[in-house]
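[1] I would like the atomic coordinates for the input below:
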Amino acid sequence: MVTTTATQSILTSLGAGSGVDTASLVASLVQAQFAAKNASLTKQEDALTAQISSVAKVQSGITSFAAGLKTLVTGGTLVTQPTSSNTSVLTATALPGAKLSGLAASVEVTRLATAQVATSATSFSSRDATVGTGNLTLTLGTATVDSGALTGFTAGTAKPVTIAIDSAHQTLSGIASAINAASAGVTASIVTDANGTARLTLKGATGTNQAFTLSSDTPALSALNVGVGESATTIGSAAGNAQLKLDGVSIERSSNTVSDLVEGVKLELTGTAVGKPVTLGNTKPTAALSQAVTDFVDTYNQLQAVLKTETDSTSGALRNDNNATSLARALRALPLTTLTTGAAAGDPINLASIGVSTNRDGTLSVDSTKLNAALTNTPDAVEALFANGTGATGGGIAAALDAISTAAVDQKVTINGNVEHIGLVGSTALYTAAKTKVTDAEAKVATDTTAYQERLTKQYAASDALVAKYKASQTALTNQIAQWNKTG
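    Residues are numbered from 1 along each chain as shown. Next up, the predicted model:
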């Protein structure tokens with residue numbers, strides 16, 4: 001085969017013998033042979049590139065829309081929130097899925113839950129001072145405390161925990177690490193005073209039943225003992241329950257975080273106010289819901305504009321893509337999709353019933369008068385439309401949109417035993433595979449073009465050489481005749 005370098009050399013000299021511009025002739029013949037094929041492949045590649053780009057744009061639009069709406073409805077701003085008349089005593093937050101319409105309660109906090117805190121009376125030279133080895137036994141239960149000392153202790157039902165203190169943990173800091181690693185309900189820390197001396201501090205969980213004792217089996221560790229009659233440690237705080245009254249009824253809880261007292265509400269007890277009950281109420285997210293509807297419509301219209309452009313019957317890159325057109329149809333049906341179940345007669349159950357309507361061009365608009373009326377007359381029903389539920393219908397607008405997004409982007413079906421992707425992911429795979437074939441075809445055309453050019457170049461080089469030979473013979477003959485005539 002003639003090499004590319006050889007071909008270029010031949011092309012440079014083509015026509016020298018015949019006087020014909022055979023180099024241009026070869027180029028024209030090659031162009032004529034492959035121009036149509038190259039143009040067709042380029043057109044296909046451009047179309048497929050546009051389709052892949054358009055699918056990515058549509059897929060990004062619907063997934064971002066669904067994810068953003070999901071974040072909004074789970075963020076807590078679209079649900080009725082509990083209120084506290086005195087947040088220095090207690091704060092209130094809604095639990096997931098809570099329905100707090102009509103919430104009204106009175107809570108009086110007379111005592112906060114406390115944890116037992118024990119600090120070693122013996123001070124050590126530093127946190128790295130050696131204490132000793134042996135075993136420490138931690139026992140949980142109830143206790144009485146007086147003047148910084150345990151005066152009584154009753155072990156609970158939990159099995160005591162033995163903590164081995166080996167030579168690798170015999171320092172004060174090593175003992176603290178070993179206690180913490182045991183995860184036995186007590187946290188150890190080291191307190192260093194202004195003089196640099198260190199003490200071990202142990203703190204249990206809050207609640208009357210979370211008092212503790214700590215005993216050792218070696219004299220070296222006895223300086224850390226906590227128990228009745230022990231003088232090695234000082235009790236700075238006793239374990240105790242929170243004491244409060246709900247609507248006048250006395251109640252105790254082991255923690256200052258209370259989630260089982262007022263239905264749907266988590267209380268954080270932060271202070272006491274004897275004889276001064278805190279009033280719990282609720283506030284409706286009216287402004288947030290109104291803004292959510294407006295934002296939903298705006299984002300919906302932006303996505304529909306993208307779909308309209310990409311699926312335009314004349315110029316749209318995805319005009320023949322069933323997945324894109326199916327998504328557009330599903331979105332158009334969304335305003336009339338049932339978003340709640342069990343609604344009372346006359347309550348809104350879809351977007352259309354709160355003033356969201358579809359225009360002739362497929363965009364949505366909001367009737368603010370109708371929306372405000374729904375928020376005023378049926379606020380709970382409007383809130384339910386934005387509930388954090390599941391399912392294509394009945395689970396709220398976010399769940400409905402998520403179902404549309406999932407169906408549009410990627411569904412897996414089994415065909416003849418093979419798992420196939422349908423949806424926009426399938427479209428991308430289809431267009432990408434087609435583009436790969438076009439790229440392969442372009443590579444083959446390039447190879448064929450080179451081979452064809454080399455073949456023509458070789459043929460015309462041979463012809464040109466033959467013509468040059470004939471011309472040389474003609475010149476010689478002409479010269480000979482001229483010589484004859486001259487001598488004759």
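
[2] Dump stretch 356-368 to PDB, keeping only the CA atoms.
    As requested, the backbone C-alpha atoms of stretch 356-368 are provided in PDB (Å, rounded to 0.1, in the frame of the first residue of the first chain):
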ATOM      1  CA  VAL A 356     -54.100  27.000  40.500                       C
ATOM      2  CA  SER A 357     -55.300  26.800  36.900                       C
ATOM      3  CA  THR A 358     -53.900  25.700  33.600                       C
ATOM      4  CA  ASN A 359     -53.700  28.300  30.800                       C
ATOM      5  CA  ARG A 360     -54.100  27.500  27.100                       C
ATOM      6  CA  ASP A 361     -50.400  27.500  26.500                       C
ATOM      7  CA  GLY A 362     -49.900  24.800  29.300                       C
ATOM      8  CA  THR A 363     -48.500  27.200  31.900                       C
ATOM      9  CA  LEU A 364     -50.100  27.500  35.300                       C
ATOM     10  CA  SER A 365     -51.400  30.600  37.000                       C
ATOM     11  CA  VAL A 366     -52.600  31.400  40.600                       C
ATOM     12  CA  ASP A 367     -55.900  33.000  41.500                       C
ATOM     13  CA  SER A 368     -54.700  34.800  44.600                       C
END
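
[3] List the buried residues in it.
    For stretch 356-368, the neighbour count (16 or more other C-beta atoms under 10 Å) marks 356, 358, 363-364, 366 as buried. Where you see a C-beta, it was placed from the backbone N, CA and C, and this is true even at glycine.

[4] what's the offset of the one helix or strand Phe296 maps to from the middle of its chain?
    Element membership for Phe296, per DSSP states H and E: helix 286-310. A distance of 21 Å separates the centroid of the chain from that of helix 286-310, by C-alpha atoms, centre = their mean, to the nearest Å.

[5] Equivalent analysis for stretch 163-177, please.
    Worked out by C-alpha atoms, centre = their mean, stretch 163-177 lies 42 Å from the chain centre.

[6] Next: stretch 93-102.
    For stretch 93-102, the distance to the chain centre is 25 Å (C-alpha atoms, centre = their mean).

[7] The helix holding Phe296 - contacts with which helices or strands?
    Helix 286-310 makes packing contacts with helix 22-74, helix 322-333, strand 356-358, strand 364-366, helix 368-377, helix 379-385 when contacts are defined by 3 or more C-beta pairs under 8 Å, 6 or more residues apart in numbering; DSSP states H and E.

[8] among these, which is the most enclosed?
    A comparison of the helices and strands packed on helix 286-310 by mean neighbour count, using mean count of other C-beta atoms under 10 Å, puts helix 379-385 on top with a mean of 21.

[9] residues making contact with that one?
    78-80, 99, 101, 284-286, 289, 339-340, 343-344, 347-351, 354, 374-375, 396-397 (C-beta atoms under 8 Å, 6 or more residues apart in numbering).

[10] show me what contacts the residue nearest to Leu371 when sequence neighbours are not counted?
    The shortest distance from Leu371 to any non-neighbouring residue, by C-beta to C-beta, 6 or more residues apart in numbering, is to Gly355 (4.1 Å). The contact partners of Gly355, by C-beta under 8 Å, 6+ apart, come to 293, 366-371, 374.

[11] Could you check how far Gly355 is from Phe296?
    12 Å (C-beta to C-beta, to the nearest Å).

[12] TSV for the contacts of Gly355, including pLDDT and distance to Thr93?
    Listed next are these as TSV, based on pLDDT from 0 to 100; distance: C-beta to C-beta, whole Å:
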residue	pLDDT	distance to Thr93
Val293	97	25
Val366	97	30
Asp367	97	34
Ser368	96	31
Thr369	97	34
Lys370	97	32
Leu371	97	27
Ala374	96	26
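
[13] Can you tell me how far Asp46 is from Tyr431?
    Counting by C-beta to C-beta, the gap from Asp46 to Tyr431 is 12 Å.

[14] What number of residues are in the vicinity of the nearest residue to Thr171 once chain neighbours are set aside?
    In this structure, Thr171 finds its nearest non-sequential neighbour in Asp128, 5.1 Å apart by C-beta to C-beta, 6+ apart. Using other C-beta atoms under 10 Å, the number of residues around Asp128 comes to 12.

[15] my read is Asp128 is in a helix, agree?
    No. Assessed with DSSP: H, G, I helix; E, B strand; the rest coil, Asp128 is coil; it does not lie in a helix.

[16] thought it was touching Ser173?
    Yes. Judged on C-beta atoms under 8 Å, Asp128 makes contact with Ser173 at a distance of 6.0 Å.

[17] so what's Thr338 up against?
    349-350, 393-394.

[18] In TSV: the buried residues of stretch 356-368, plus distance to Val109.
    TSV is the format used below for the buried residues of stretch 356-368 (distance: C-beta to C-beta, whole Å):
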residue	distance to Val109
Val356	45
Thr358	53
Thr363	53
Leu364	48
Val366	44
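
[19] With distance to Thr151 added, can I get the helices and strands packed on helix 286-310 in TSV?
    Below are those laid out as TSV (distance: least, C-beta to C-beta, whole Å):
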stretch	distance to Thr151
helix 22-74	50
helix 322-333	72
strand 356-358	69
strand 364-366	69
helix 368-377	60
helix 379-385	54
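
[20] mean pLDDT lowest for which of these?
    Across these, helix 22-74 has the smallest mean pLDDT, namely a mean of 89.

[21] chain center to that helix, what's the gap?
    For helix 22-74, the distance to the chain centre is 29 Å (C-alpha atoms, centre = their mean).
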